[in-house]
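*Asks:* below: sequence and its predicted model.
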Amino acid sequence: MRIKVNKNQYISCTLLKPRKLKEKNPALIFLHGWSSNQQGNILRAKELTELGFICLTLDLRGDGNSEGSLEEFSREDHLQDIKAAYKYLSELKDVDSDRIGLIGSSYTGYLSSVTTNSLKLKWLVLRVPALYFDEKMDVSTFKLIQEDKKAFTSSDLTDQNSLALKGIRNFPGEILLVESEKDEIIPHSTIENYLKYLKGKNNFEYVIIKNAKHSLDSEKQQKEYIEILRKWFSENL
């Protein structure tokens, strides 16, 4: 299926529903990492439909089967993709619009944090989230990364100059932060910057996947992450 983002472009999405639907059901949006696609999230989404969630996976513009070339799009563009997916999901008649969550990874962990400033969310899952400055939101993300390979691992930002940190500081819902112990892309200092604004919250949990790199390379680690999600959402429904 496709969801319209603007006059000319659509994003490719997959909608998955539980076998037994209630009149109103909780819902989740799964977001893939930088230069990836929704395929890895479809299995995770299927697992969480068993808990009663309606799940939506998507390809950001420039990725997977969505329109455009990755070099064209900025963080602002990809935030529009997420907002379009949220709007579609929240308007479904069998979705409880008061119980919608975002699950982001790396680049989209960062973007998910930013969206908390504007979207009404109950759950937020950040797996190995990147962290970027607010300037040049409308500049091609691809270009920014080419200019600075460490652009998304900033560790000296605060809630005064980072919409991501401001968002999670004020977020009233449930938050799960997942770190890979041997992450070669996102340093622990970046995770620590998130933790600075999350520690002390009653609605926050922090999990480390032992021996895991940035991408969950083994089937065992993939299953471990799914179990982390199943357990956390079961406890926070």
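*Replies:* Done, it's in.
*Asks:* point to the residue nearest the middle of the protein.
*Replies:* In the chain, the residue lying closest to the centroid (C-alpha atoms, centre = their mean) is Gly104, at 1.5 Å.
*Asks:* tell me the first helix or strand C-terminal of the helix-or-strand element of the chain with minimal mean pLDDT.
*Replies:* Least confident helix or strand of the chain, by mean pLDDT, DSSP states H and E, is helix 141-147 with a mean of 92. Following helix 141-147 in sequence order, the next helix or strand is helix 163-170 (DSSP states H and E).
*Asks:* residues making contact with that following helix?
*Replies:* 110, 113-117, 124, 126, 129, 131-132, 134, 157-160, 175, 193-194, 197-198 (C-beta atoms under 8 Å, 6 or more residues apart in numbering). Any C-beta I mention is one placed from the backbone N, CA and C, and that applies to glycine too.
*Asks:* need the CA coordinates for it. CSV is fine.
*Replies:* Coordinates of each C-alpha in helix 163-170 appear next as CSV, following Å, rounded to 0.1, in the frame of the first residue of the first chain:
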residue,chain,number,x,y,z
LEU,A,163,14.8,19.1,19.4
ALA,A,164,15.4,15.4,20.0
LEU,A,165,16.6,16.0,23.6
LYS,A,166,14.0,18.6,24.2
GLY,A,167,11.3,16.2,23.0
ILE,A,168,12.3,13.3,25.2
ARG,A,169,12.8,15.5,28.2
ASN,A,170,9.2,16.6,28.0
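*Asks:* so which helix or strand takes in Phe233?
*Replies:* Counting by DSSP H and E, the element that carries Phe233 is helix 219-236.
*Asks:* in that helix, what's buried?
*Replies:* The neighbour-count check on helix 219-236 (16 or more other C-beta atoms under 10 Å) flags Gln221, Gln222, Glu224, Tyr225, Ile226, Ile228, Leu229, Trp232, Phe233 as buried.
*Asks:* reformat those residues as a markdown table; add pLDDT and distance to Ser215.
*Replies:* Formatted as a markdown table, the buried residues of helix 219-236 follow (pLDDT from 0 to 100; distance: C-beta to C-beta, whole Å):
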| residue | pLDDT | distance to Ser215 |
| --- | --- | --- |
| Gln221 | 96 | 9 |
| Gln222 | 96 | 10 |
| Glu224 | 97 | 14 |
| Tyr225 | 98 | 11 |
| Ile226 | 98 | 15 |
| Ile228 | 98 | 16 |
| Leu229 | 98 | 17 |
| Trp232 | 98 | 21 |
| Phe233 | 98 | 22 |
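*Asks:* just put these in a markdown table and tack on distance to Phe30.
*Replies:* A markdown table is the format used below for those (distance: C-beta to C-beta, whole Å):
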| residue | distance to Phe30 |
| --- | --- |
| Gln221 | 17 |
| Gln222 | 14 |
| Glu224 | 17 |
| Tyr225 | 12 |
| Ile226 | 12 |
| Ile228 | 14 |
| Leu229 | 10 |
| Trp232 | 14 |
| Phe233 | 12 |
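*Asks:* mind picking the two most distant members of the residues you listed?
*Replies:* Gln221 and Phe233 (18.8 Å; C-beta to C-beta).
*Asks:* tell me which strands the longest strand seen in the chain pairs with, and in which orientation.
*Replies:* Ranked by residue count, the top strand of the chain under DSSP state E comes out as strand 95-105. Its sheet considered, strand 95-105 pairs with strand 25-30 (parallel), strand 123-127 (parallel) by DSSP bridges.
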